[in-house]
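Novice: Need a 3D model of the following:
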Amino acid sequence: MTAFFRLLARNRLALAGLVVMALVVALAILTPILPLADPDVTDTANRFKPPLSEGAWLGTDHLGRDLLARLMWGTRLSLAVGFAAAIAAATIGAAIGIIAGYYGGRTDNVIMRGVDMLMAFPYILLALAIVAALGPGLMNALIAVAAVNIPFFARNIRGVTVGIAHKEFVDAARLAGMGDARIILTEILPNVLPVIVIAMSTTIGWMILETAGLSFLGLGSQPPQADLGSMLGEARSALISNPHTSIVPGVMILIIVMAINLAGDGARDALDPRLKSGALSRPMPATQVDRKEVPVAQGTGVLNLQDLSTEFRVRDRIYKAVGGVSLSVQKGECLGLIGESGSGKSVTALSVMSLVASPPGVITGGAVRFQGEDMIGAPYGILRSLRGNKVAYIFQDPQATLHPL
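Specialist: Numbering: from 1, shown residues only. Presented below is the predicted three-dimensional model:
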């Protein structure tokens, strides 16, 4: 969790969004104990009081109700509905996506064709149709918003599940006698959970906006109950003469949606395993070196590797990629590196000219001598003069590697 917040803090906009959202949520939670006026009490004699009026910091609406009180209670309600819709859509959509992706075949085809049919309708029109069928009301608006977002989660999670369902660890679980339900819960779900969280974090804002839109049209929150959308709907008739009645809920919607979207983008990046490993960080011009001693020169070849060791450091974990490789290439000699996938062939070759990406790569020992000069820790200018000039690489798949462009 500490590492997550550290990665999130690297994105200042995301951090600002998280702070603003935390403040909004805290105020919403504290609303029942704050010294606020009753949000539903009307006082037509004091209607349309401007902001900073005595007894009404944000003014009053067309019925003389305190806008600050209605804003706080409306924000609390909008957040609750938005988060509830996101959790419902993510839970049902993820379940559908996992089942379709895991079982595949006819099950996948039937489920995903149904999802495609739902996605064929514009989501706002589908939400309006659902509310029209169920009747106006905040609970029905919640159901409609959750329903129209289920296909989004189902398609995303299904795509991830398809890639995981045939991995070696899933096959091993089947061979160990585990049932489908247990495999889904213990092997599949933990691997798709970050994707679910990312999808939720980037869609909660839109769900709050969709709920506000339904309430604005009179299909969500019903009078006298207030949410941000219904406040906007009630204030539209006074938009020109008393714009503060629209600006107050409008600004709050803007703040909430922007804060959630910024924080969601940061959460998505912080949960990305490539960012955690340093793969998305700007690489250093040369591989980082952390070796204790330089071995005595041996051999007379053009290229000599002595006990070369390279590893990847991901937070508090260390993955040893090359563990003490020694070889010598004489002038005019061809030398092939043969080994199973993941044995360290490519990392060995990249280590020669310090091309292993740092972070997370680190050369921790040995020496690489090209024409008698040790290249490990050499100045970047020397490495750059040799790269592609004296030392070059052709890895597997030469048809792509040697593309004319």
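
Novice: average pLDDT for stretch 69-87?
Specialist: Here stretch 69-87 scores 91 as its mean pLDDT.

Novice: Show me the contact partners of it.
Specialist: Stretch 69-87 is touched from outside by 24-25, 27-29, 31, 34, 36-39, 58, 61, 138, 141-142, 145-146, 149, 200, 203-205, 207-208, 211-212, 221, 225-231, 248-249, 252-253, 256, with contacts defined as CB atoms under 8 Å, 6 or more residues apart in numbering. C-beta here means a position set from N, CA and C on the backbone, and glycine is covered the same way.

Novice: what secondary structure does the residue lying closest to Met284 once chain neighbours are set aside sit in?
Specialist: Distances taken as CB to CB, 6 or more residues apart in numbering put Ser358 closest to Met284, at 4.5 Å, once the chain neighbours are dropped. The three-state assignment at Ser358 reads coil, by DSSP: H, G, I helix; E, B strand; the rest coil.

Novice: what about Ser358, how many neighbours?
Specialist: 20 (other CB atoms under 10 Å).

Novice: show me what contacts it?
Specialist: Applying CB under 8 Å, 6+ apart, the residues contacting Ser358 are Gly278, Pro283, Met284, Ala286, Thr287, Gln288.

Novice: Please repeat the previous calculation with a cut-off of 6 Å.
Specialist: Met284, Thr287, Gln288 (CB atoms under 6 Å, 6 or more residues apart in numbering).

Novice: Would you list the buried entries among the contacts of stretch 69-87?
Specialist: Among these, the ones that count as buried by 16 or more other CB atoms under 10 Å are 24-25, 28, 31, 37, 39, 58, 61, 138, 141-142, 145-146, 149, 200, 203-205, 207-208, 211-212, 221, 225-231, 248-249, 252-253, 256.

Novice: any idea of the pLDDT on the nearest residue in space to Gly137 that is not next to it in sequence?
Specialist: Using CB to CB, 6+ apart and skipping residues adjacent in sequence, the residue nearest Gly137 is Gln222, 6.3 Å away. In this prediction, Gln222 carries a pLDDT score of 84.

Novice: Now Gln222: phi and psi?
Specialist: phi -110, psi 140 (degrees, to the nearest 10).

Novice: The one 3 residues further on too?
Specialist: Note on Gln225: backbone dihedrals following degrees, to the nearest 10 are phi -60, psi 140.

Novice: give the contact list for it.
Specialist: Not one residue lies near Gln225 by CB under 6 Å, 6+ apart.

Novice: Distance check, it against Ala357.
Specialist: 55 Å (CB to CB, to the nearest Å).

Novice: tell me the domain boundaries of the chain?
Specialist: 2-271, 288-395 (automatic domain parsing).

Novice: and those domains, which is most packed in?
Specialist: Comparing these by mean neighbour count (mean count of other CB atoms under 10 Å), domain 2-271 ranks first with a mean of 18.

Novice: rewinding a little: ok, the residue nearest to Gly137 to Glu234 distance?
Specialist: 12 Å.

Novice: next one: Tyr319
Specialist: 60 Å.

Novice: Residues contacting stretch 20-32, please?
Specialist: In contact with stretch 20-32 (CB under 6 Å, 6+ apart) are residues Met72, Thr75, Arg76, Leu79, Ile256, Ala259, Ile260, Ala263.

Novice: my bad, stretch 249-269
Specialist: 8, 11, 13-14, 17-18, 20-21, 24, 75, 198, 201-202, 204-205, 209, 212, 228, 231-232, 275.

Novice: Using CSV, write out every CA atom in it.
Specialist: These are the backbone C-alpha positions of stretch 249-269, laid out as CSV (Å, rounded to 0.1, in the frame of the first residue of the first chain):
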residue,chain,number,x,y,z
PRO,A,249,-24.3,22.5,-7.8
GLY,A,250,-22.6,22.8,-11.2
VAL,A,251,-19.3,23.6,-9.6
MET,A,252,-19.6,20.8,-7.2
ILE,A,253,-20.3,18.3,-10.0
LEU,A,254,-17.2,19.6,-11.9
ILE,A,255,-15.0,19.3,-8.8
ILE,A,256,-16.1,15.8,-8.0
VAL,A,257,-15.9,14.4,-11.6
MET,A,258,-12.5,16.1,-12.3
ALA,A,259,-11.1,14.9,-8.9
ILE,A,260,-12.2,11.3,-9.5
ASN,A,261,-10.9,11.2,-13.0
LEU,A,262,-7.5,12.6,-12.1
ALA,A,263,-7.2,10.3,-9.1
GLY,A,264,-8.4,7.4,-11.3
ASP,A,265,-5.8,8.0,-13.9
GLY,A,266,-3.1,8.0,-11.2
ALA,A,267,-4.5,4.8,-9.6
ARG,A,268,-4.4,3.2,-13.1
ASP,A,269,-0.8,4.1,-13.5
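
Novice: What's the mean pLDDT across it?
Specialist: 85.

Novice: next one: that stretch to chain centre, how far?
Specialist: Between the centre of stretch 249-269 and the centre of its chain there are 14 Å (CA atoms, centre = their mean, to the nearest Å).

Novice: The contacts of Ser358 in strands, which ones?
Specialist: Gln288 (DSSP state E).

Novice: Is it possible to get a markdown table of the contacts of Ser358 that adds distance to Tyr102?
Specialist: A markdown table is the format used below for the contacts of Ser358 (distance: CB to CB, whole Å):
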| residue | distance to Tyr102 |
| --- | --- |
| Met284 | 41 |
| Thr287 | 40 |
| Gln288 | 41 |
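
Novice: between the contacts of Ser358, which is nearest Ser343?
Specialist: Relative to Ser343, the closest of these is Thr287; by CB to CB it sits at 18.9 Å.

Novice: circling back to that earlier point, just flag the most distant two among the contacts of stretch 20-32.
Specialist: For the contacts of stretch 20-32, and using CB to CB, no pair is farther apart than Met72 and Ala263, which are 21.1 Å apart.

Novice: which residues are in contact with stretch 99-112?
Specialist: Arg158, Thr161, Val162, Ala165, Ile184.

Novice: give me that answer again for 7 Å
Specialist: Ile96, Arg158, Thr161, Val162, Ala165, Ile184, Ile188 (CB atoms under 7 Å, 6 or more residues apart in numbering).
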